[in-house]
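# Need a 3D model of the sequence below.
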Amino acid sequence: MSNGKEFGIEEMGYLGIKQIPTKGLKSGEVGYIIANIKDIADARVGDTITHAKDGCDEILSGFQEPKPMVYSGIFPIDGEDYGDLVVAMGKMKLNDASLVYEKENSLALGYGFRCGFLGMLHLEIVKERFLREYDLPIITTTPSVKFVVHLTNGEEKVIYNPVDFPNPVNIDFIEEPIMNTEIIVPSAYIGGIMKLAQDRRGVQRDMQYIDSKRVAIHYDLPLIEIIFDFYDKLKTVSRGYASLDYSFKNFKRSKVSKIDILVNGEKVDALSFICHQDKAYSWGKAITQTLSEEIPRHLFKVAIQAAIGSNVVARSTVNAMRKDVTAKCYGGDISRKRKLLEKQKKGKKKMKEIGSVNVPQEAFLAVLKANRE
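Next up, the predicted model:
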């Protein structure tokens with residue numbers, strides 16, 4: 001009933017040890033229906049099925065279509081596996097109706113898909129299934145969430161991918177998703193949990209004692225603050241005793257910006273992300289520092305920068321490998337060594353201008369685990 005699609009029923013029956021065909025199913029009975037449904041997305045879990053003619057008027061309460069909350073790019077580690085990824089993605093969609101995807105092209109990672117997930121756990125499960133069921137190692141880009149951008153001309157634009165972020169000059173204001181969050185924790189750890197939530201821009205609504213030892217704390221938390229390492233930090237602060245549950249509440253006006261990552265002056269679109277302006281330095285520094293440890297050293301210095309537009313907010317440097325060009329100079333005038341060093345200096349300057357830096361696959365994986373405080 002949710003999508004108004006009609007299908008002819010081929011068979012119906014009861015579910016026992018095996019399928020037992022019957023002519024009809026009545027209220028309270030559990031069974032199966034076989035119909036000529038071609039697309040799994042046409043049959044949603046929890047939807048109401050009724051007769052095409054003289055059916056019921058209202059959908060049974062409680063049904064909700066799955067709404068993606070976390071968006072991430074999926075790319076094959078080996079570009080030659082793209083064809084296998086297309087086939088595997090189609091098969092994955094057959095038994096996971098909540099997976100949403102579309103084709104995407106990245107300058108750094110090649111061809112892949114932009115996917116929507118119900119949460120970080122869903123993303124991890126999909127990654128693991130690709131590896132175990134299809135023997136297909138994949139790489140995911142930095143997860144993002146849905147933002148609603150209000151432009152100065154009055155238009156609204158929904159952004160899932162940081163690459164699609166409009167020019168800041170044309171932006172009036174931006175809204176980010178806020179989640180209804182419930183944290184159940186032993187009362188001994190309340191202080192640490194409250195500090196963690198406040199650091200993640202959480203607004204406390206209330207606190208209720210379940211019994212003498214457990215308390216339920218309710219917060220309004222931005223989704224972008226939850227999806228990375230909030231759950232891990234929560235478990236660390238509570239020594240594993242805290243539990244977390246959240247659901248979508250609304251969109252709220254917020255000061256968020258797109259952060260570009262530049263390697264040797266060139267933007268790497270797969271590493272761009274959106275965050276709150278107050279967290280721009282800490283998140284940018286964490287990612288640039290992580291990349292500086294993963295990118296191999298070159299014969300010239302490699303600058304890794306996090307920038308908002310043309311303003312650099314954080315920077316790390318991969319130091320150059322030094323070749324000892326004066327090793328063969330035994331004695332003699334010091335000017336000989338100076339000439340060699342000056343020649344090397346000019347060569348490094350020229351190399352920096354025309355040299356390219358390859359970002360290894362391990363760097364993209366390390367960025368996902370960067371410590372965002």
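# Now do the contacts for the closest residue in space to L60 that isn't next to it in sequence.
Nearest non-adjacent residue to L60, counting by CB to CB, 6 or more residues apart in numbering: T48, 4.8 Å away. C-beta coordinates here come from the backbone N, C-alpha and C atoms, glycine included. Counting by CB atoms under 8 Å, 6 or more residues apart in numbering, T48 makes contact with 1-2, 56, 59-60, 63.
# quick one: which of those residues has the most company?
M1 (16 neighbours; other CB atoms under 10 Å).
# Tell me the secondary structure at the residue nearest to that residue when sequence neighbours are not counted.
Of all residues beyond its chain neighbours, the one nearest M1 is T48 (4.5 Å), with distances taken as CB to CB, 6+ apart. For T48, the secondary structure call by DSSP: H, G, I helix; E, B strand; the rest coil comes out as coil.
# what about T48, distance to F63?
Using CB to CB, to the nearest Å, we find T48 at a distance of 7 Å from F63.
# Give the residues shared as contacts by the two.
The contact sets of T48 and F63 overlap at S2 (CB under 8 Å, 6+ apart).
# pLDDT weak spots in the stretch 1-150 of the chain?
In the predicted model, the stretch 1-150 of the chain carries pLDDT under 70 at residues 108.
# Show me where it has its helices.
Assigned by DSSP state H, counting those that start in this stretch, the stretch 1-150 of the chain shows helices spanning 82-94, 120-134.
# Throw the ones you listed into TSV and include distance to I274 and mean neighbour count, thanks.
What follows is these, written out as TSV (distance: least, CB to CB, whole Å; neighbours: other CB atoms under 10 Å):
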stretch	distance to I274	mean neighbour count
helix 82-94	25	15
helix 120-134	16	15
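# Okay, strands next: where are they in the stretch 201-350 of the chain?
Secondary structure of the stretch 201-350 of the chain (DSSP state E, counting those that start in this stretch): strands at 203-209, 214-222, 243-254, 256-263, 266-267, 273-276, 302-308, 311-318.
# How far away from the center of its chain is the shortest one?
Just to be clear, that refers to strand 266-267. 21 Å (CA atoms, centre = their mean, to the nearest Å).
# Mean neighbour count added to the strands of the stretch 201-350 of the chain, as TSV?
Listed next are the strands of the stretch 201-350 of the chain as TSV, based on neighbours: other CB atoms under 10 Å:
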stretch	mean neighbour count
strand 203-209	12
strand 214-222	19
strand 243-254	13
strand 256-263	22
strand 266-267	14
strand 273-276	20
strand 302-308	21
strand 311-318	16
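# just flag whichever of those strands has the lowest average confidence.
When these are compared on mean pLDDT, strand 266-267 scores lowest, with a mean of 80.
# ok, the nearest residue to K91 once chain neighbours are set aside - contacts?
Of all residues not flanking K91 in the chain, Y134 sits nearest, at 7.6 Å (CB to CB, 6+ apart). By CB under 8 Å, 6+ apart, Y134 lies in contact with 84, 88, 91.
# Out of those residues, the closest to F7 would be?
Closest approach between the contacts of Y134 and F7, by CB to CB: K91, at 22.1 Å.
# follow-up on the earlier one: want to try JSON lines for the strands of the stretch 201-350 of the chain, with distance to N170 as columns?
What follows is these, written out as JSON lines (distance: least, CB to CB, whole Å):
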{"stretch": "strand 203-209", "distance to N170": "30"}
{"stretch": "strand 214-222", "distance to N170": "23"}
{"stretch": "strand 243-254", "distance to N170": "17"}
{"stretch": "strand 256-263", "distance to N170": "13"}
{"stretch": "strand 266-267", "distance to N170": "19"}
{"stretch": "strand 273-276", "distance to N170": "16"}
{"stretch": "strand 302-308", "distance to N170": "15"}
{"stretch": "strand 311-318", "distance to N170": "18"}
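# quick one: which of those strands is nearest S144?
Comparison of the strands of the stretch 201-350 of the chain against S144 by CB to CB identifies strand 273-276 as nearest, at 6.0 Å.
# Keeping just the C-alphas, turn the closest one into CSV.
What follows is strand 273-276, C-alpha atoms only, in CSV (Å, rounded to 0.1, in the frame of the first residue of the first chain):
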residue,chain,number,x,y,z
PHE,A,273,34.5,16.3,4.8
ILE,A,274,31.9,18.6,6.4
CYS,A,275,32.1,19.6,10.1
HIS,A,276,31.2,22.3,12.5
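# Counting by contacts, list what that strand packs against.
Here strand 273-276 touches helix 223-226, strand 256-263, helix 280-294, going by 3 or more CB pairs under 8 Å, 6 or more residues apart in numbering; DSSP states H and E.
# 7 Å instead?
strand 256-263 (3 or more CB pairs under 7 Å, 6 or more residues apart in numbering; DSSP states H and E).
# From the contact counts, what lies against the strand it packs on?
strand 273-276, helix 280-294, strand 302-308.
# to the chain's geometric centre, what's the distance from the last one?
I take that to be strand 302-308. How far strand 302-308 lies from its chain's middle: 21 Å, per CA atoms, centre = their mean.
# try the shortest one
Between the centre of strand 273-276 and the centre of its chain there are 12 Å (CA atoms, centre = their mean).
# My guess is I184 contacts A216. True?
Yes: the pair I184 / A216 is scored as a contact, 5.0 Å apart, by CB atoms under 7 Å.
# For stretch 132-149, output the C-alpha coordinates as PDB.
Provided in PDB are the C-alpha atoms of stretch 132-149 (Å, rounded to 0.1, in the frame of the first residue of the first chain):
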ATOM      1  CA  ARG A 132      33.400 -12.500   2.800                       C
ATOM      2  CA  GLU A 133      30.600 -13.200   0.200                       C
ATOM      3  CA  TYR A 134      32.100 -11.700  -2.900                       C
ATOM      4  CA  ASP A 135      35.900 -11.800  -2.100                       C
ATOM      5  CA  LEU A 136      36.000  -8.100  -3.000                       C
ATOM      6  CA  PRO A 137      38.200  -5.800  -0.900                       C
ATOM      7  CA  ILE A 138      36.800  -2.300  -1.000                       C
ATOM      8  CA  ILE A 139      37.700   1.100   0.400                       C
ATOM      9  CA  THR A 140      35.200   3.600   1.800                       C
ATOM     10  CA  THR A 141      35.600   7.400   1.900                       C
ATOM     11  CA  THR A 142      35.000   9.600   5.000                       C
ATOM     12  CA  PRO A 143      31.400   9.100   6.100                       C
ATOM     13  CA  SER A 144      29.000  12.100   5.800                       C
ATOM     14  CA  VAL A 145      25.400  12.900   6.600                       C
ATOM     15  CA  LYS A 146      22.600  14.800   4.900                       C
ATOM     16  CA  PHE A 147      22.800  18.600   5.100                       C
ATOM     17  CA  VAL A 148      20.100  21.000   3.900                       C
ATOM     18  CA  VAL A 149      21.800  24.100   2.400                       C
END
